[in-house]
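Chemist: The following block contains a protein sequence and its predicted model.
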Amino acid sequence: MTEQSVRPQPDSLATPAGPPPGTELGTHAVLNQVPPRADGDLLSADPALVEAVAREGGDADALEGLAAVVGTERWREHARLANLHEPVLRSHDRYGHRIDEVEFHPSWHELMRTSVEHGLAAAPWRAAPGSGAHLARAAGFYLTSQVEQGHLCPISMTYASVPALRHAPDLAAAYEPGLTAQLYAPGLGEPQSKAGLLAGMSMTEKQGGSDVRSGTTVASPQPDGSYRLTGHKWFTSAPMNDLFLTLAQAPGGLTCLVLPRVLPDGTRNAIRLQRLKDKLGNRSNASSELEYDGALGWRVGDEGRGVATIIEMVSMTRLDCVLGSAATTRAAVTEAAHHVAHRSAFGCRLADQPLMQSVLADVAAESEAATMLALRLAAAVDRGETALLRLALPVAKYLVCKRTSVLVAEALECLGGNGYVEDGPLPRLYREAPLNSIWEGSGNVTALDALRAVTREPHAVDAVLAEVDAAAGADPQFDRAVAALRAELAAPDERRARRLAELTALCLQGSLLLRHAPDAVTATFLAARLGDDGPFRTAGTRPGPHAATVLDRATPHP
């Protein structure tokens, strides 16, 4: 059995037939229920995204094909089925041979195929610098994340693998054509024999977690320049990928290596899948513990420079964490806005009730701020703005990802009990919401990374302040927040690292909104987050005059 193999499933993507006309089902008439969301273009329904792509120099028209696919009920059904029928580990075949393969539902493969073919994996690295390829890819990743997040883990790692692999030009030359190809080719195969490749990342171990320097996996040099790896990795997502960037202790210290799943001679590498993780969310994606039992790998970068080599991969996956969290929030806002536009209570449509308007406008304004910041960072990748990214990326990951759980919960509550049952998408979004805040460095890790940037890389601070100061004088609340930020930057303190990260991200969002967003969205955001009595009360506690305008902007319209 190979990874292309799937279990027969009773589920169908076809719409079930209704009861025969005139059939009495023994229930009363169904009234005041929200109609299903119609097929729709997620791009044209998201003005914040369209405006950000145009402002940053991208071509929104190029995204229309993908947007038309992922906005359909059929695509939402693929997402449901891929999460309902979770991946299954097949460690051995029926005869007892070790195979270490993962079996997926057909909908997983359809999700993967579409994302790869639309260039959401490593395709942008083929384009010339400054071409806007990374921005376009980020916008597509954001659109797709609104419907299904799990399959985007291997997509993200494949995207992030290329800059790390370029530390070893020979390996990059061997693998990059397959990684950047827009062809999905699942199943076992020697990498250079396959037209399309996927890459993974294997860093953490059970004794260290984020403290990757404490890893005990050993890489023993071989006479031909390769290494034999022995050790246990605690959390490796997408173990069905074709090759993995991993960290191990070589004689010269912690080193980055690449391990293909199939060796040049066609035999399987000694990468043993011990078990799949039973995760809170992201259940369509296989995450595993694995054992290197003398597995063969090749060095990427110098011995002892493992973290420095793989950090570029981590940075790119952090960008996708920000994009994915912004998209998750946007998806939740869309569901809630659709619900309140069609549901009535106490004699009035929910969308017309002032308190509901205040709550959803608050969430929608923060959703727009997250989208704008995520796309600004993607444009910085295109432009090579490394100084800005060094500080802006960890603080954006800190705040945008951490806020997602709160914002999705508020959106879910707008649906009441209907939001809490598995018939709809919000429970899955809610389980998904904490993930990006944990992966690629949880809150403390990213806040401390931002603190290191502040203390060691003054050019990063200068780049962020230049971006923030572009809106200086536009709003007194914003100006006070920037003054507070400058005070934090002048006296960095580990105990206040979270405050520094939060304030930096808020000022970046505020600057973008003041320069580019409608006044109603900006005023709603600033009042709730930078007001005189402090930020981040529960949604809707600072009602303003623009709630109906902001809510209407976030509501799907036929």
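Modeler: That came in fine, so what should we check first?

Chemist: hey, let's count contacts and neighbours off CA atoms from now on
Modeler: Will do.

Chemist: Look through the chain and tell me its longest strand.
Modeler: strand 287-300 (DSSP state E).

Chemist: next structured bit after that strand?
Modeler: Using DSSP states H and E, the helix or strand that follows strand 287-300 towards the C-terminus is helix 306-342.

Chemist: Check which residues of that next one are buried.
Modeler: Buried residues in helix 306-342, counted by 16 or more other Cα atoms under 10 Å: 306-307, 309-310, 312-341.

Chemist: count of neighbours near residue 32?
Modeler: Neighbour count for residue 32, taken as other Cα atoms under 10 Å: 11.

Chemist: quick one: it is in a strand?
Modeler: No - remark: residue 32 does not belong to a strand; assigned using DSSP: H, G, I helix; E, B strand; the rest coil, it is coil.

Chemist: could you list every residue that touches it?
Modeler: Residues near residue 32 by Cα atoms under 8 Å, 6 or more residues apart in numbering: 342-344.

Chemist: So for the longest strand of the chain, what gets flagged as buried?
Modeler: The neighbour-count check on strand 287-300 (16+ other Cα under 10 Å) flags 287-292, 294-300 as buried.

Chemist: Same check on stretch 512-519?
Modeler: By neighbour count on 16+ other Cα under 10 Å, the buried set for stretch 512-519 is 512-514, 516-517.

Chemist: Relative to the whole chain's centre, how far out is it?
Modeler: Stretch 512-519 sits 24 Å away from the centroid of its parent chain (Cα atoms, centre = their mean, to the nearest Å).

Chemist: With stretch 177-189 instead?
Modeler: Stretch 177-189 sits 21 Å away from the centroid of its parent chain (Cα atoms, centre = their mean).

Chemist: Quote the end-to-end distance of it.
Modeler: This stretch, stretch 177-189, spans 15 Å end to end (Cα to Cα, to the nearest Å).

Chemist: Just the residues contacting it, thanks.
Modeler: For stretch 177-189, contacts defined as Cα under 8 Å, 6+ apart pick out 2-4, 112-113, 116-119, 121-126, 158-159, 162, 191-192, 194-199, 240, 242, 261-262, 266.

Chemist: Can I have the buried ones of those residues as a ChimeraX selection?
Modeler: Buried members of these, defined by 16+ other Cα under 10 Å, are picked up in ChimeraX with:
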select :3,112,113,116,118,119,121,122,123,124,125,158,159,162,191,192,194,196,197,198,199,240,242,261,262
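
Chemist: which residue ranges form the helices in the stretch 451-558 of the chain?
Modeler: With helices called from DSSP state H, counting those that start in this stretch, the stretch 451-558 of the chain shows them at 458-469, 476-490, 497-516, 519-529, 547-554.

Chemist: ok, residue 380 - contacts?
Modeler: Shown in contact with residue 380 (Cα under 8 Å, 6+ apart): 386, 388-389.

Chemist: picking up where we left off before, can you lay out the buried residues of strand 287-300 as TSV showing pLDDT and distance to residue 478?
Modeler: Below are these laid out as TSV (pLDDT from 0 to 100; distance: Cα to Cα, whole Å):
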residue	pLDDT	distance to residue 478
287	95	42
288	96	45
289	95	46
290	94	48
291	96	51
292	97	52
294	97	56
295	98	54
296	98	54
297	98	51
298	98	50
299	97	48
300	96	45
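
Chemist: Let me know the closest of those residues to residue 554.
Modeler: residue 287 (33.9 Å; Cα to Cα).

Chemist: So that closest one is in contact with residue 240, correct?
Modeler: No - between residue 287 and residue 240 there is no contact under Cα atoms under 8 Å: 9.6 Å.

Chemist: sorry, back to before: put together TSV for the contacts of residue 380, with pLDDT on each row.
Modeler: Converted to TSV, the contacts of residue 380 look like this (pLDDT from 0 to 100):
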residue	pLDDT
386	95
388	97
389	97
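
Chemist: Select only the buried ones of those in PyMOL?
Modeler: Listed next is the PyMOL selection for buried residues among the contacts of residue 380, using 16+ other Cα under 10 Å:
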select buried, resi 388+389
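
Chemist: Mind checking which of the contacts of residue 380 are in helices?
Modeler: The helices, defined by DSSP state H, take in 386, 388-389 from those.

Chemist: any idea which helix or strand carries residue 38?
Modeler: Assigned by DSSP H and E, residue 38 belongs to no helix or strand.

Chemist: ok, now how distant is it from residue 420?
Modeler: Using Cα to Cα, one gets 21 Å for the distance from residue 38 to residue 420.

Chemist: Those two - which one has more neighbours?
Modeler: Under the neighbour definition other Cα under 10 Å, residue 38 and residue 420 were set side by side, and residue 420 has more, 17 against 12.

Chemist: tell me the mean pLDDT for stretch 166-185?
Modeler: For stretch 166-185, the mean per-residue pLDDT is 97.

Chemist: buried stuff in it?
Modeler: Residues 166-168, 172, 175-185 are the ones in stretch 166-185 that count as buried (16+ other Cα under 10 Å).

Chemist: can you count the residues close to residue 276?
Modeler: Neighbours of residue 276 under the rule other Cα under 10 Å: 21.

Chemist: so it sits right up against residue 290, yeah?
Modeler: No - in this structure residue 276 lies outside contact range of residue 290 using Cα under 8 Å: 9.0 Å.

Chemist: Closest one of the buried residues of stretch 512-519 to residue 153?
Modeler: residue 512 (28.2 Å).

Chemist: pLDDT wise, what is the closest one at?
Modeler: Reported pLDDT at residue 512 in the predicted model: 98.

Chemist: Quick check on the nearest residue to residue 502 once chain neighbours are set aside: phi, psi?
Modeler: Leaving aside its sequence neighbours, residue 502 sits nearest to residue 399 (Cα to Cα, 6 or more residues apart in numbering; 5.7 Å). Phi and psi for residue 399, reported as degrees, to the nearest 10, are phi -80, psi -50.

Chemist: OK, contacts around residue 399?
Modeler: By Cα under 8 Å, 6+ apart, the contact set of residue 399 is 501-502, 505.

Chemist: ok, of these, which come out buried?
Modeler: Among the contacts of residue 399, those classed as buried by 16+ other Cα under 10 Å are 501-502, 505.

Chemist: need these in TSV with pLDDT and distance to residue 215, can you?
Modeler: Below are the buried ones among the contacts of residue 399 laid out as TSV (pLDDT from 0 to 100; distance: Cα to Cα, whole Å):
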residue	pLDDT	distance to residue 215
501	94	28
502	92	30
505	96	32
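
Chemist: rewinding a little: narrow the contacts of stretch 177-189 to those in strands?
Modeler: Taking DSSP E, the ones among these that sit in strands are residue 199.

Chemist: What about the contacts of stretch 177-189, which are in helices?
Modeler: Taking DSSP H, the ones among these that sit in helices are 112-113, 116-117, 158-159, 162.

Chemist: of all the residues you listed, which comes closest to residue 410?
Modeler: Ranked by distance to residue 410 (Cα to Cα), those are led by residue 112 at 30.3 Å.

Chemist: which ones are touching the closest one?
Modeler: Applying Cα under 8 Å, 6+ apart to residue 112 gives the contacts 151-152, 155, 184.

Chemist: now those residues in JSON lines, with distance to residue 281 and secondary structure?
Modeler: Below are the contacts of residue 112 laid out as JSON lines (distance: Cα to Cα, whole Å; DSSP: H, G, I helix; E, B strand; the rest coil):
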{"residue": "151", "distance to residue 281": "12", "secondary structure": "coil"}
{"residue": "152", "distance to residue 281": "13", "secondary structure": "helix"}
{"residue": "155", "distance to residue 281": "17", "secondary structure": "helix"}
{"residue": "184", "distance to residue 281": "24", "secondary structure": "coil"}
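
Chemist: Same list (these) but as a markdown table, adding distance to residue 528.
Modeler: Shown next, in a markdown table, are the contacts of residue 112 (distance: Cα to Cα, whole Å):
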| residue | distance to residue 528 |
| --- | --- |
| 151 | 34 |
| 152 | 32 |
| 155 | 35 |
| 184 | 44 |
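
Chemist: ok, those residues vs residue 549, which is closest?
Modeler: Nearest to residue 549 among those is residue 152, at 32.9 Å by Cα to Cα.

Chemist: Pull the contacting residues for that closest one.
Modeler: Residue 152 makes contact with 112, 141, 145, according to Cα under 8 Å, 6+ apart.
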